[in-house]
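**Student:** please work out how this folds:
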Amino acid sequence: MECKFCGKPGNKKNFIFETKHYDLFLSDNQYYLARCVIRLKRHAASLSELDKAEWLDFHELVKKVESSFKKAFDATLFNWSCNMNHSFQSKPYIPHVHFHLVPRYDRPVKFGNILFEDKEFGFHHEPYKEFEVSESIKEKIIQKIKENL
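**Tutor:** As a prediction, the model looks like this:
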């Protein structure tokens, strides 16, 4: 078995941008408008394996992305998580450091003729609620993010 993040280095589906150490992708699940996944480019199984340069790069990525999402979608706040539980659902365990970025909105946001409503605003986001949008809407979201980077 191979790492699901390392096994496809050429896969750029939903790719938004990269830094020296990370790739940013739009999640297929758009229950929260502009939800993303940030993948560490090298394989590391836990946060304690990150080196100083990777932490500093992540810090700069956070500042850049949050600023972009505020400009692009007027996001109110951001939930960041590094939950790798799915990597431990079956053996062999092959975790890979990655982060989930969930922009949160204190009001409904209309984008691409779709009304996105953050019904859990002020509470923990719902990680398992799914909402897939068309490829053309995903492309528009990605373009809006890129325009505001």
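
**Student:** list the residues that contact Cys3.
**Tutor:** Cys3 sits next to His43, Ile94, His96 when contact means Cβ atoms under 8 Å, 6 or more residues apart in numbering. To be clear about C-beta, it is placed using only N, CA and C from the backbone, and glycine gets the same treatment.

**Student:** for the residues you listed, which one is nearest Ser68?
**Tutor:** For the contacts of Cys3, the residue nearest Ser68 by Cβ to Cβ is His96; the value is 24.5 Å.

**Student:** returning to that earlier point: just send the contacts of Cys3 back as JSON lines, with secondary structure, neighbour count and distance to Ile142 too.
**Tutor:** Listed next are the contacts of Cys3 as JSON lines, based on DSSP: H, G, I helix; E, B strand; the rest coil; neighbours: other Cβ atoms under 10 Å; distance: Cβ to Cβ, whole Å:
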{"residue": "His43", "secondary structure": "coil", "neighbour count": "14", "distance to Ile142": "26"}
{"residue": "Ile94", "secondary structure": "coil", "neighbour count": "18", "distance to Ile142": "28"}
{"residue": "His96", "secondary structure": "coil", "neighbour count": "18", "distance to Ile142": "22"}
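
**Student:** out of those residues, which one has the lowest pLDDT?
**Tutor:** Among the contacts of Cys3, Ile94 carries the lowest pLDDT, at 76.

**Student:** for that one, which non-adjacent residue is spatially closest?
**Tutor:** Cys3 (4.8 Å; Cβ to Cβ, 6 or more residues apart in numbering).

**Student:** relative to His43, how far out is the one you found?
**Tutor:** Distance, Cys3 to His43, using Cβ to Cβ, to the nearest Å: 6 Å.

**Student:** what touches both of the two?
**Tutor:** The contact lists of Cys3 and His43 share His96, where a contact means Cβ under 8 Å, 6+ apart.

**Student:** report the beta-bridge partners for the residue most central in space within the chain.
**Tutor:** Residue closest to the average C-alpha location in the chain (Cα atoms, centre = their mean): Cys36, at 2.0 Å. Cys36 has these beta-bridge partners by DSSP bridges: Leu26, Leu101.

**Student:** contacts only, for it.
**Tutor:** Residues counted as contacts of Cys36 (Cβ under 8 Å, 6+ apart) are Ile16, Leu24, Phe25, Leu26, Ser27, Val65, His100, Leu101.

**Student:** what's the farthest-apart pair in those residues?
**Tutor:** Farthest pair in the contacts of Cys36, by Cβ to Cβ: Ile16 and His100, 14.1 Å.
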